[in-house]
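In: With the input below, show me the fold.
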Amino acid sequence: MSDVRTDQPTEIDDEQGATLLEFALVLPILLLVMLGVVDLGIRLADIHTLEDGIRDAAREIAVGNTGGDTGCVVVGATPPNTETTEAICLVKDRVGLLEADVRVRIVFGAGGAMEGEPILVCAQYPGESFTGLLPQFASDSISARSVMRLEADSTVQAYAETSHTGGWPGCSF
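Out: Residues are numbered from 1 along each chain as shown. Next up, the predicted model:
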């Protein structure tokens with residue numbers, strides 16, 4: 001017997017075509033979900049990095065260690081003294097995100113920069129969307145704050161860099 005081929009599609013060919021069509025329909029949705037997860041993961045990592053850096057820097061400032069570095073980018077008016085500039089640079093260094101994009105605010109309690117008084121350190125970082133699929137991430141900045149008790153009198157003064165949002169919501173006592 002010889003093999004006779006017909007132009008009629010077989011049942012197997014129909015199933016393969018259906019599988020390919022289903023894959024073509026599902027693939028874009030799957031890619032969108034995966035890229036959204038990437039954006040969300042990057043955003044959560046930035047939030048964690050900002051919070052961790054702020055907490056570490058606030059603790060250092062509270063015990064009187066401002067780090068000694070004054071070479072960072074300060075956005076806004078010139079800080080009132082060298083120790084305040086050092087504190088801002090310490091925060092930016094400890095945060096570990098793009099230094100020029102981190103904005104810092106330092107606030108003291110009603111008693112000023114005296115031992116036993118609280119110090120509030122806040123930071124903002126612009127949002128970004130790695131994939132462009134979540135544009136609200138690019139329009140919303142992230143922020144973090146940390147409150148510590150001063151362990152010694154401080155020469156650091158209250159200061160606020162120009163914020164990304166036009167203000168410092170949630171950064172006050």
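
In: quick one: least confident helix or strand in this protein?
Out: helix 135-139 (a mean of 74; mean pLDDT, DSSP states H and E).

In: buried stuff in that helix?
Out: Residues Phe137 are the ones in helix 135-139 that count as buried (16 or more other C-beta atoms under 10 Å). To be clear about C-beta, it is placed using only N, CA and C from the backbone, and glycine gets the same treatment.

In: Quick check: next helix or strand after that helix?
Out: strand 142-149 (DSSP states H and E).

In: picking that back up, which other residues reach the least confident helix or strand of the chain?
Out: Under the criterion C-beta atoms under 8 Å, 6 or more residues apart in numbering, residues Asp39, Arg43, Gly127, Glu128, Ser129, Gly132 lie in contact with helix 135-139.

In: how much space between the third one and Arg103?
Out: Applying C-beta to C-beta, to the nearest Å, the value for Gly127 to Arg103 is 13 Å.

In: Looking at those two, which has the bigger crowd around it?
Out: The neighbour count for Gly127 versus Arg103, taken as other C-beta atoms under 10 Å, is higher for Arg103 (25 against 17).

In: Show me what the more buried one bridges to in the sheet.
Out: Gln124 (DSSP bridges).

In: close enough to count as contact, it and Val75?
Out: Yes. Counting by C-beta atoms under 8 Å, Arg103 does reach Val75; the two are 6.2 Å apart.

In: Residues in contact with both of those two, list them for me.
Out: Joint contacts of Arg103 and Val75 (C-beta under 8 Å, 6+ apart) are Glu161, Thr162.

In: these two touch, right, Phe173 and Gly109?
Out: Yes. The pair Phe173 / Gly109 is scored as a contact, 6.0 Å apart, by C-beta under 8 Å.

In: Show me which of those two is the more surrounded one.
Out: When Phe173 and Gly109 are compared for neighbours, Gly109 comes out ahead with 16 against 9, by other C-beta under 10 Å.

In: Relative to Thr84, how far out is that one?
Out: Taking C-beta to C-beta, one finds Gly109 at 17 Å from Thr84.

In: so who does Ser154 touch?
Out: Counted by C-beta under 8 Å, 6+ apart, Ser154 has contacts Ile61, Gly64, Glu83, Phe108, Ala113, Met114, Ile119.

In: Name the member of those residues with the most neighbours.
Out: Going by other C-beta under 10 Å, Ile61 tops the contacts of Ser154 with 28 neighbours.

In: With adjacent residues omitted, what lies nearest to that residue?
Out: Ala87 (5.1 Å; C-beta to C-beta, 6 or more residues apart in numbering).

In: Quick check: which element contains the one you found?
Out: helix 82-95.
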